[in-house]
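Student: Predicted model, plus sequence, below.
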Amino acid sequence: MAYDDTRNDAALVAQAASGSDLAFRTLYRAYVRPVYWLAHGLVGNAADAEDVTQETFLVAWRKLPGLELESESLLPWLATVCRFQAANRIRRQKRDREHTAAAADDTLPATVDVEQQVIDGELAERIMREVEGLSPLDRDIFRLCAAQGYAYQAAAEELGVAHGVVRNRLSRIRTRLRTVVKEST
């Protein structure tokens, strides 16, 4: 089942909270890539990012019953959970390094730049707010092409629009998001 953004995430959350594996898989497929890239930006390597992503969705599965979305998208809430999971992982790794005489793993950063993590987290929130402010078609295009890796033509076919529409709108979306990034630096 392909994710249909016209179907509200709240409905999928309610179904998943009631035990629907299909609804949870639909949410997972819709948001795993953006959550992974946020995690990667926070922890700095692929292995830890994969773990943080899985931990994020495990927490999501456990907390879906009783969750009330404050927006149409589950992504802002998942991003918050992801940031907490990444921070917990970084603290755990720091504590383990401090209490272990073994050499630190080369893949871990030598120091944790908390200020940069805060800046990265704030930037991710600004980008997500900007994406939420897009038209439904632009959000679909962003989700398919940027988050799920669809090619222009595949996204166009999925959305029932012309290839050029996807290409042009995605170009404008990327320009808009670059502006957000530049304003943050």
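Tutor: Done, it's in.

Student: what about the helices in the protein?
Tutor: Taking DSSP state H as the criterion, the chain contains helices spanning 9-17, 21-43, 46-63, 75-98, 114-132, 136-141, 152-159, 163-184.

Student: count of residues packed around A151?
Tutor: 12 (other Cβ atoms under 10 Å). Quick note: C-beta positions are derived from backbone N, CA and C, even for glycine.

Student: so how far is L144 from it?
Tutor: Using Cβ to Cβ, to the nearest Å, one gets 9 Å for the distance from A151 to L144.

Student: Ok, G19 next?
Tutor: In terms of Cβ to Cβ, G19 sits 28 Å off from L144.

Student: ok, the two, which is more surrounded?
Tutor: Using other Cβ under 10 Å as the criterion, G19 and L144 rank with L144 on top: 24 against 10.

Student: the bottom helix or strand of this structure by mean pLDDT?
Tutor: Across the helices and strands of the chain, mean confidence by mean pLDDT, DSSP states H and E is lowest for helix 114-132: a mean of 70.

Student: ok, A23 - contacts?
Tutor: Applying Cβ atoms under 8 Å, 6 or more residues apart in numbering, we find A23 in contact with L12, V13, Q15, A16.

Student: biggest separation within those residues, which pair?
Tutor: V13 and Q15 (7.4 Å; Cβ to Cβ).

Student: These two: which is more packed in?
Tutor: Taking neighbours as other Cβ under 10 Å, V13 and Q15 compare with V13 leading, 21 against 17.

Student: List the contacts of that one.
Tutor: Here V13 is in contact with A23, L27, L64, L67, L69, L74 (criterion: Cβ under 8 Å, 6+ apart).

Student: again with L67
Tutor: L67 neighbours (Cβ under 8 Å, 6+ apart): V13, A17, W77.

Student: need the residues you listed in JSON lines with pLDDT, can you?
Tutor: Converted to JSON lines, the contacts of L67 look like this (pLDDT from 0 to 100):
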{"residue": "V13", "pLDDT": "89"}
{"residue": "A17", "pLDDT": "89"}
{"residue": "W77", "pLDDT": "89"}
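
Student: what about stretch 33-48, distance to the chain center?
Tutor: Distance of stretch 33-48 from the chain centroid (Cα atoms, centre = their mean, to the nearest Å) equals 9 Å.

Student: Return the residues in contact with the closest residue in space to V165 that isn't next to it in sequence.
Tutor: Computed as Cβ to Cβ, 6 or more residues apart in numbering, the closest residue to V165 that is not its neighbour in sequence is A156, at 6.8 Å. By Cβ under 8 Å, 6+ apart, the contact list for A156 reads A162, H163, V165, V166.

Student: Sketch out the low-pLDDT regions of the protein for me.
Tutor: 1-7, 99-121, 147-148, 181, 184-185 (pLDDT under 70).

Student: how about a cut-off of 80?
Tutor: Scanning the chain for pLDDT under 80 picks out 1-8, 68-72, 96-129, 131, 143-150, 177-185.

Student: Okay then, goodbye and thanks.
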